[in-house]
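Asker: One predicted model, sequence on top.
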Amino acid sequence: MAKKQKPWAEPYKIKMVEPLKVTNSEYRLEKMKEAGWNTFLLHSEDVYIDLLTDSGTNAMSDYQWAGMMLGDEAYAGSKNYYYLEANVQKYYGYKYLVPTHQGRGAENMLSKALIKPGDFVPGNMFFTTTRQHQEIAGGTFVDVIIDEAHEAKGTHPFKGNVDLQKFENLINKVGADKIAYITIGAPVNMAGGQPVSMENMKQVHALAHKHGIKVVLDATRNIENAYFIQQREPGYQNKSLAEIHKEFCSYSDAATMSGKKDLLVNIGGFVACNDFEVFEELRNMVVVYEGLHTYGGLAGRDMEAMSRGLEEAIQDDYMASRIKQVEYFGNLLLDAGIPIVEPIGGHGVFLDAKRFYPHIPQTEYPAQALAAHLYIDSGIRAMERGAVSAGRNKETGENNMPNLELVRLTVPRRVYTQSHFDFAAYSIVELFEKREQAKGLKMVYEPKYLRFFQARFESL
Ligand code: PM9
């Protein structure tokens with residue numbers, strides 16, 4: 001008899017619990033109507049299992065909570081800032097740090113500092129807030145990710161990689177001086193949490209620097225990316241996540257960071273760089289948008305929790321359990337024949353709404369509808385990542401119609417147990433079995449910026 005594979009288990013235990021409200025589907029249908037068929041507009045107390053996002057939904061450890069009591073709430077020069085600066089230098093390797101209240105605070109400042117109106121900003125697939133700030137600064141985002149990233153199916157181990165030919169074509173077309181920088185997100189959120197290989201990052205850096213173009217890392221989930229390199233890329237199996245992560249960052253000039261993901265906190269972010277002139281600009285700008293450069297919109301205790309979260313997130317055993325939980329959930333769905341993005345990504349499992357609801361055209365927002373139906377059916381909250389999130393073309397005003405029409409079931413860190421995912425998978429299979437009855441949606445209210453957060457819909 002073949003020996004079973006040894007199961008994995010979390011390297012932590014639960015010390016405090018938060019009760020969840022269990023509701024029925026009639027109640028949830030009412031709540032979904034009130035929320036305009038947008039899961040962002042639900043009240044969280046009406047949600048049973050909340051897989052909306054892994055952003056700021058982390059469970060902090062006793063070590064982090066203890067650190068919260070050591071907040072130095074001085075206006076200037078808090079010791080928690082210097083500890084965070086030292087940890088960012090140690091684990092990311094950048095010379096200069098400016099804290100921000102969260103990732104988009106960093107994106108706002110870096111975009112303003114580096115983009116001139118009319119510039120182009122290539123990147124490995126757009127991210128909603130990142131592209132919005134680039135556009136507000138007068139830039140135009142250009143997608144240079146490999147084609148495989150735009151397909152839900154596939155086996156490519158590093159679907160987040162940049163297509164170097166696409167990047168080079170852009171340089172030849174517009175000229176290097178019209179390219180503000182290239183931005184690399186790793187793993188790629190909108191592609192389903194797909195990682196970038198070290199080799200690709202090295203090549204991007206070499207090509208960019210050959211033309212005097214800066215490389216900016218969106219380091220939001222970069223430690224998760226390091227795990228995929230350790231597991232999948234030859235030559236990295238015996239290296240620690242800390243070593244891999246720092247090497248990866250060494251191929252970039254600056255980074256924007258949402259600490260609300262990798263760094264196991266509920267709020268916080270930063271922008272970091274190696275170039276003193278860029279730092280000077282950011283340090284000057286932060287006092288306008290966020291706060292003094294030694295707190296950037298955060299309390300001292302928040303910076304302490306983020307430093308300590310970084311020390312925990314970089315541990316190999318923690319990260320293995322994080323990604324294996326996502327894999328466990330994804331495999332339950334794959335085994336039941338549910339169409340999801342493959343390979344399974346780092347921070348969540350993404351349902352492929354085009355294959356889940358093939359009878360609903362993309363103009364009727366199948367992913368938005370699927371997220372709403374899942375909530376009504378079982379109290380699970382997910383997020384649309386398709387035509388609604390893709391917004392409109394900034395020149396023509398036409399709706400963008402991305403190839404990927406996805407529902408993201410994001411896994412908060414250290415929050416849910418294996419049985420929550422058993423329940424979630426069972427509920428998704430039940431919904432799949434009655435998929436023919438499902439109807440699409442019509443958008444009835446569209447906000448100007450990042451419409452997916454506040455748009456409202458009606459069922460057709
Ligand atoms: N990501 C997420 O749920 C939260 C808001 S968008 C629905 O995935 C990347 C790769 C992110 C990200 C946020 C940000 C912005 C930048 N880059 O939310 O401002 O995934 O801290 O970070 C969200 P903040």
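Answerer: Perfect, thanks for sending it.
Asker: Up against the ligand, what does the stretch 201-350 of the chain have?
Answerer: Selection of the stretch 201-350 of the chain residues close to the ligand by Cβ under 6 Å from any ligand atom yields 218, 220, 258, 260, 269. No exception for glycine: its C-beta is placed from N, CA and C like everyone else's.
Asker: Okay, and which of those residues map to strands?
Answerer: Assignment to strands by DSSP state E places the following of these there: 218, 258, 269.
Asker: Hmm, the first one is touching Thr129, no?
Answerer: No: taking contacts as Cβ atoms under 8 Å, Asp218 lies outside contact range of Thr129: 9.8 Å.
Asker: More neighbours: these two, which one.
Answerer: Neighbours were counted for Asp218 and for Thr129 using other Cβ atoms under 10 Å; Asp218 has more, 26 against 19.
Asker: Phi, psi for the residue lying closest to the more buried one once chain neighbours are set aside please.
Answerer: The spatially closest residue to Asp218, leaving aside those adjacent along the chain, is Gly185, at 4.0 Å (Cβ to Cβ, 6 or more residues apart in numbering). When quoted as degrees, to the nearest 10, the phi and psi of Gly185 stand at phi -100, psi 130.
Asker: From what I see, Gly185 and Thr128 are in contact.
Answerer: No: at 11.4 Å, Gly185 and Thr128 do not qualify as touching, with contact defined as Cβ under 8 Å.
Asker: neighbour-wise, which of these two wins?
Answerer: Under the criterion of other Cβ under 10 Å, the comparison of Gly185 against Thr128 puts Gly185 first, with 27 against 18.
Asker: which residues touch the residue of the stretch 101-250 of the chain found nearest the ligand?
Answerer: In the stretch 101-250 of the chain, the residue found nearest to the ligand is Gly103; the distance is 2.4 Å by Cβ to the nearest ligand atom. The contact partners of Gly103, taken as Cβ atoms under 8 Å, 6 or more residues apart in numbering, are 129, 218, 220, 256-260, 269.
Asker: Next up, the contacts around the most centrally placed residue in the chain.
Answerer: Nearest to the centroid of the C-alpha atoms of the chain, with distances taken as Cα atoms, centre = their mean, sits Asn189, at 4.5 Å. Asn189 makes contact with 127, 220-221, 347, according to Cβ under 8 Å, 6+ apart.
Asker: Just among those, which is most surrounded?
Answerer: Among these, Thr220 has more neighbours than the rest - 29 neighbours, counting by other Cβ under 10 Å.
Asker: what about the strands in the chain?
Answerer: Taking DSSP E, the strands of the chain run over residues 49-50, 96-100, 120-123, 140-143, 182-185, 215-218, 254-258, 269-273, 348-352, 380-381, 383-385, 406-410, 441-445, 456-459.
Asker: Tell me if the first one is near the ligand.
Answerer: Right, the one you point to is strand 49-50. No: contact check for strand 49-50 against the ligand, using Cβ under 6 Å from any ligand atom: none in range, with a minimum separation of 11.7 Å.
Asker: Packing partners of that strand?
Answerer: Packed against strand 49-50 by the contact rule (3 or more Cβ pairs under 8 Å, 6 or more residues apart in numbering; DSSP states H and E) you find strand 380-381, helix 418-433.
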